[in-house]
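fold the following for me, if possible:
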Amino acid sequence: MAETRKSQKIQEVIMKKLKFNSTLNHKQSDYKTHEVIVEKVVTVYGRSFSELKDHPMRDNPYIAENRDLMYIDSDDIAHCLLLVDYDSGDGILVESEGSNYARKSQFIPNARALVESNELTSSERELHNELKRISDKIAELAHCGEKNFDFEELLDKSDLDLKSLLHDSVVTMLQEREDIQMAESHSIDVDFQPDITVEAKPIQELTFYCPLHIVREYDESDYDWDEEVMDEQEVIPSKYAVDCADEINKFIQDYSEPEEEHRGLMVYFDDNPAVNEKVFSAIPSVREIDGELMGVFECQITDELTDNELEDLRCHLTGQCSDGFFEGMEQHPIKTADYGEIYVSFWNSEDSWALQTAEEMSFEQTEDLSEEPQIDMTM
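Predicted coordinates for the structure are as follows:
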């Protein structure tokens, strides 16, 4: 018995310390809990979470946008908003009582883990338990002197149909996505029948526009030799570059990477998961608008974006203009019939530069609705 206690004490000493952020109340007399239903989880980025954590009594755009979701019902159940910090994973639970600030709130350490655990399907939990069973068995045999293991053999001894578990998990995940209208599971390994049938939500167009900066090298034959002039580049006004649209668009298409074929610049978006699901694609091009050539991002969306989601998307596309896709493209010459080799940038540092929707630019935008074809997937 003494030896066992000694062993336990050593284990407690060497155990990896658990670390997380939390609040500690001074001499708390009791903890009265409240039944809570999280109506929506919002991931926030940058300093937004710190500002909410440090100043919960200030008006907050995320709380204001979702205040109708927060209330306490007749059964005394609190319907709340959970804001989760993208970097730390911590969260703040809010019931604003109809206000734009956190009138009632609670700091939730490691909130993202709670959300992810809640999102696990029963199939995923079964799969996790089976993986743990296999790892426990390997550890047991390792203590008995075995060193080498055949994973296929370990799987063969499983009581679960792992293929069916993976199949069911994928279908459930598809059913929970913002951009999927229908995901239907069929019996697997049945000839002449798909394993999964999927239908995407109808697509709606959302277009952003931005001014272009177009230049070319001075042609020595057009100007008297002037060293100061020749070191600079000649700016081509956008209204004169309208006839170059096809040549520029062909270059953008050729410059694009194969993985951008379907989703365009959305393949590089890894911030807000809701935006990533609602916005299927963002395809760049140039187009004549009111007599001038402008940069265009045609976005296919499956649901209306909230104000914050729209700004997350705008921020991503602005980054692609200044530091991403177009930072590289603007360094390559584009051959044109009218101006020879030109350089096209979707970005400039002037105060007048902006990435705007058609509504923000005060002209009507056509919204094309189309039904996505049904997709059959065989696993």
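
point out where the stretch 201-350 of the chain drops to low pLDDT.
Along the stretch 201-350 of the chain, the model assigns pLDDT under 70 to residues 218-232.

hmm, try it at 50
The model of the stretch 201-350 of the chain has pLDDT under 50 over residues 229-230.

now do the strands in it.
Per DSSP state E, counting those that start in this stretch, the stretch 201-350 of the chain has strands spanning 204-211, 213-217, 233-235, 279-289, 292-301, 334-336, 340-345. These are given in chain order.

between those strands, which one is closest to residue 157.
strand 279-289 (42.4 Å; CB to CB). Using the backbone N, CA and C atoms, a C-beta is placed for each residue, glycine as well.

pretty sure residue 333 sits against residue 342.
Yes: using CB atoms under 8 Å, residue 333 is in contact with residue 342, at 6.9 Å.

so for the two, which sits in the more crowded spot?
Using other CB atoms under 10 Å as the criterion, residue 333 and residue 342 rank with residue 342 on top: 22 against 13.

which residues touch the more buried one?
214-216, 236, 241, 244, 333-334, 336 (CB atoms under 8 Å, 6 or more residues apart in numbering).

which of those are buried? Put it as a PyMOL command.
Buried subset of these, written as a PyMOL selection, criterion 16 or more other CB atoms under 10 Å:
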select buried, resi 214+215+216+236+241+244+334+336
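
can you say which two of the contacts of residue 342 are spatially most distant?
241 and 333 (14.2 Å).

which stretches of the protein form helices?
Assigned by DSSP state H, the chain shows helices spanning 2-14, 48-54, 61-65, 111-119, 122-143, 151-156, 162-176, 227-230, 245-255, 273-278, 307-322, 325-329.

which of these sits closest to residue 77?
Taking the helices of the chain one by one with CB to CB, helix 111-119 is closest: 16.7 Å.

can you list the neighbours in contact with that closest one?
By CB under 8 Å, 6+ apart, helix 111-119 touches 41, 82, 84, 89-91, 93, 108, 176.

between those residues, which sits nearest residue 149?
Among those, and counting by CB to CB, the member closest to residue 149 is residue 89, at 33.8 Å.

isn't that closest one right up against residue 110?
Yes: shown here, residue 89 and residue 110 form a contact pair, counting by CB under 8 Å, at 5.6 Å.

dump stretch 182-190 to PDB, restricted to CA.
Extracted in PDB, the C-alpha atoms of stretch 182-190 (Å, rounded to 0.1, in the frame of the first residue of the first chain):
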ATOM      1  CA  MET A 182     -29.300  18.200 -49.000                       C
ATOM      2  CA  ALA A 183     -27.000  15.300 -48.200                       C
ATOM      3  CA  GLU A 184     -28.400  11.900 -48.300                       C
ATOM      4  CA  SER A 185     -26.700   8.600 -47.200                       C
ATOM      5  CA  HIS A 186     -27.200   5.300 -49.100                       C
ATOM      6  CA  SER A 187     -26.100   1.800 -48.200                       C
ATOM      7  CA  ILE A 188     -22.500   1.400 -49.100                       C
ATOM      8  CA  ASP A 189     -21.100  -1.300 -51.400                       C
ATOM      9  CA  VAL A 190     -24.400  -1.600 -53.300                       C
END
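
check which residues of stretch 299-312 are buried.
In stretch 299-312, counting by 16+ other CB under 10 Å, buried: 299-302, 305-306, 308-310, 312.
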